[in-house]
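Novice: need coordinates for the following:
(one chain, ligands or ions: 1)
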Amino acid sequence: MASPPLLWTLFLFFIIISLQSHGEEEDTPITRFQQYLRFKTAHPNPNYAAPVRFLVDQARSIGLSTRTFEFVSGKPVLLVTWLGSNPKLPSILFNSHLDSVPAEAEKWIHPPFSAHRTVDGHIYARGAQDDKCIGVQYLESIRNLKSRGFSPLRTVHISYVPEEEIGGFDGMEKFAASSEFTELNVGFAMDEGQASPGDEFRVFYADRTPWNLVIRAEGIPGHGAKLYDNGAMENLMKSVELISKFRETQFDFVKAGKAANSEVISVNPVYLKAGTPSNTGFVMNMQPSEAEAGYDLRLPPMADPDAMKKRIAEEWAPAIRNMTYTIIAKGKLRDHLGRPMMTPTNDSNPWWSIFKRAVEATGGKLAKPEILASTTDARYIRAFGIPLLGFSPMINTPILLHDHNEFLKDTMFMKGIEVYESVISALSSFEGVSDQVI
Ligand SMILES: [Zn+2]
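Specialist: Residues are numbered from 1 along each chain as shown. Predicted coordinates for the structure are as follows:
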């Protein structure tokens, strides 16, 4: 039987414990961000069910409606909707992806799914920048707008899609091509961007399109000592030289400051395959009959895909040198009406002007709009002619997507909410008919 002093001690103990746990469970935008960061969404086995449940709860807690689609079983697409007062007007869509790239936990200073917040406010987690920040900021900014009594004219949708980090084929590609997406009547969309180490927000108006190019050469084999024409290796090496020259010319534009890295066509060798294998390596006195090289090509939207194909067919892998090639285009360069897939960033595009003013209204500045060097799900939306800007509001932040120790500072996360409040309220209030302009 416990004596009164012991009971008193136990009572105090429980009071302290409950106060402490209350502190931990404090519900703020930051703790909600941390909660979302703690879901293990890294490939190859991303957990989609738990974060979707969390987001549905969040959306409902602020009075937004939700729908979940499964175009591929086990890979949900969550759609959150804030109905506008004129739902006939084209809607605004804010997209983010649910999944993350893997993290090598032993190379991190804090576990990558702990969402540890340091005393100086750095929140460490895989996905802190790419792109769970925007996923939560969209909701938090709507929460604030609602609490201030704002109501949108146009309907605002937020989509959370799976599989972006592995190409989006079972995520946004299927969603964007679905009748459910068409019914949303999206007039303008936003998707992820990238952090900016400087003090200007970065914004992206296009992605580059990757092509996987393989060139192959064939020729008669010959003794290693023989000099003769049209050997496979010789033919392949001629092409390798030509491709290197082209690469150099493109790179010269970048070095001279005439173009950004993402504005030129990059072509980089990724493998070479040739030789006759032996037990110890390769047969050295034999010139092989086949040789092959693989290249990673990236084309900006203004590149002419037909001109590129002609160059490959006539110069890089010409049949007259017994060469063949295959191109696997990992995406489109033109939209459904044959136009380059890029969103105008000038006053011809009213969405751009509204977006720019909305960012500036928060005291922020936009850097010169860029083409993203890699690809995102944005391409699947731009392919339908829908204008889209890539934007993640992070300034004075090192670019750490896919890197060890990815983090975002709490104050920057909060600033992002403020930016989206301005952006969402401005875009969703736009009355004009803009759709013929784009
Ligand atoms: Zn991303």
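Novice: which strands or helices does the longest helix along the chain pack on?
Specialist: For the chain, the longest helix by residue count, based on DSSP state H, is helix 232-255. Secondary-structure packing of helix 232-255 (3 or more C-beta pairs under 8 Å, 6 or more residues apart in numbering; DSSP states H and E): strand 209-218, strand 266-274, strand 290-299, strand 323-329. No exception for glycine: its C-beta is placed from N, CA and C like everyone else's.
Novice: and the second one, what other elements does it pack with?
Specialist: Other elements packing on strand 266-274 under the criterion 3+ C-beta pairs under 8 Å, 6+ apart are helix 232-255, strand 290-299.
Novice: same check on the third one?
Specialist: Contacting strand 290-299 under the criterion 3+ C-beta pairs under 8 Å, 6+ apart are the following elements: strand 209-218, helix 232-255, strand 266-274, helix 305-311.
Novice: so what are the sheet partners of it and their directions?
Specialist: strand 209-218 (antiparallel), strand 266-274 (antiparallel) (DSSP bridges).
Novice: pLDDT (mean, whole number) over that strand?
Specialist: Mean per-residue pLDDT for strand 290-299: 97.
Novice: tabulate the helices and strands packed on helix 232-255 in CSV, adding columns for mean neighbour count and distance to Pro398.
Specialist: Output for the helices and strands packed on helix 232-255, formatted as CSV (neighbours: other C-beta atoms under 10 Å; distance: least, C-beta to C-beta, whole Å):
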stretch, mean neighbour count, distance to Pro398
strand 209-218, 20, 25
strand 266-274, 14, 23
strand 290-299, 20, 24
strand 323-329, 16, 33
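Novice: Gly390 is nearest to which of those strands?
Specialist: strand 209-218 (14.7 Å; C-beta to C-beta).
Novice: quick one: mean pLDDT for whichever helix or strand comes after the closest one?
Specialist: Using DSSP states H and E, the helix or strand that follows strand 209-218 in sequence is strand 222-223. For strand 222-223, mean pLDDT rounds to 94.
Novice: gap between strand 222-223 and the chain center?
Specialist: 50 Å (C-alpha atoms, centre = their mean, to the nearest Å).
Novice: can you redo the strands paired with strand 290-299 as a markdown table with distance to Asp131 and mean pLDDT?
Specialist: Shown next, in a markdown table, are these (distance: least, C-beta to C-beta, whole Å; pLDDT from 0 to 100):
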| stretch | distance to Asp131 | mean pLDDT |
| --- | --- | --- |
| strand 209-218 | 20 | 97 |
| strand 266-274 | 24 | 97 |
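Novice: could you dump those strands to a markdown table with distance to Ile320?
Specialist: Converted to a markdown table, these look like this (distance: least, C-beta to C-beta, whole Å):
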| stretch | distance to Ile320 |
| --- | --- |
| strand 209-218 | 12 |
| strand 266-274 | 20 |
